[in-house]
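> when you get a sec, could you give me coordinates for this:
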Amino acid sequence: MLTKKGKYGLKAMAHLAQFSPGRPVPVLEIASTQQIPKKFLDAILSELRNAGLVNSKMGRGGGYMLARTASQISVGEIVRVIDGPLAPLPCASKTRYQRCDDCLDETKCAVRLVMLDAQRALSEVFDGCTLAQMRSMAETDLEADGI
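Numbering: from 1, shown residues only. As a prediction, the model looks like this:
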């Protein structure tokens, strides 16, 4: 399950994706527009900055901006930075694989096989969707609602 931190990270990144590259967006603007507690948002943006997904500019006129274009950042990248591996179990993870202590033969483990399918499906959706596509989905829904 996506954590609240992961959800807020996606909301913040989608917000930044609306702006032209290089234009810093103040943290307070992101926090108030997206209804994210500022202190929590500061920590999330710091993680995203450390991962190279956003850049920051200090001082007057400062804020955060995407480090790459919205079409070059996948939802999967963001979720992995904030929430870790997409796999429901460590034995199904590609990036943080760990064998289960209680597994006799993981090639025949029914639980692991289902979790591998779940991981593949989630990765396909998250890695196949960019911030630009996510923003486009939201804008299409707003237009369909007549907003």
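
> C-alpha only now, for contacts and for neighbours.
Fine.

> list the contacts of stretch 21-31.
12, 15-16, 36-38, 41-42, 56-57, 61-66, 68-69 (Cα atoms under 8 Å, 6 or more residues apart in numbering).

> 10 Å instead?
8, 11-13, 15-16, 19, 33-42, 45, 55-58, 60-70 (Cα atoms under 10 Å, 6 or more residues apart in numbering).

> can you pull the pLDDT of the residue lying farthest from the centre of the chain?
Most distant residue from the mean C-alpha position of the chain: Leu104, 34.5 Å away (Cα atoms, centre = their mean). The model reports Leu104 with a pLDDT of 87.

> remind me, longest helix of the protein?
helix 110-127 (DSSP state H).

> buried stuff in that one?
For helix 110-127, the neighbour count (16 or more other Cα atoms under 10 Å) marks Arg112, Met115, Leu116, Ala118, Gln119, Arg120, Leu122, Ser123, Phe126, Asp127 as buried.

> also stretch 86-95?
In stretch 86-95, counting by 16+ other Cα under 10 Å, buried: Leu86, Ala87, Pro88, Leu89, Pro90, Cys91, Ala92, Ser93.

> would you check that Asn50 makes contact with Ile82?
No: using Cα atoms under 10 Å, Asn50 makes no contact with Ile82, being 11.0 Å away.

> more neighbours, those two?
Counted by other Cα atoms under 10 Å, Asn50 and Ile82 do not tie: Ile82 has more neighbours, with 21 against 12.

> SS state for Met65?
Following DSSP: H, G, I helix; E, B strand; the rest coil, Met65 is assigned to strand.
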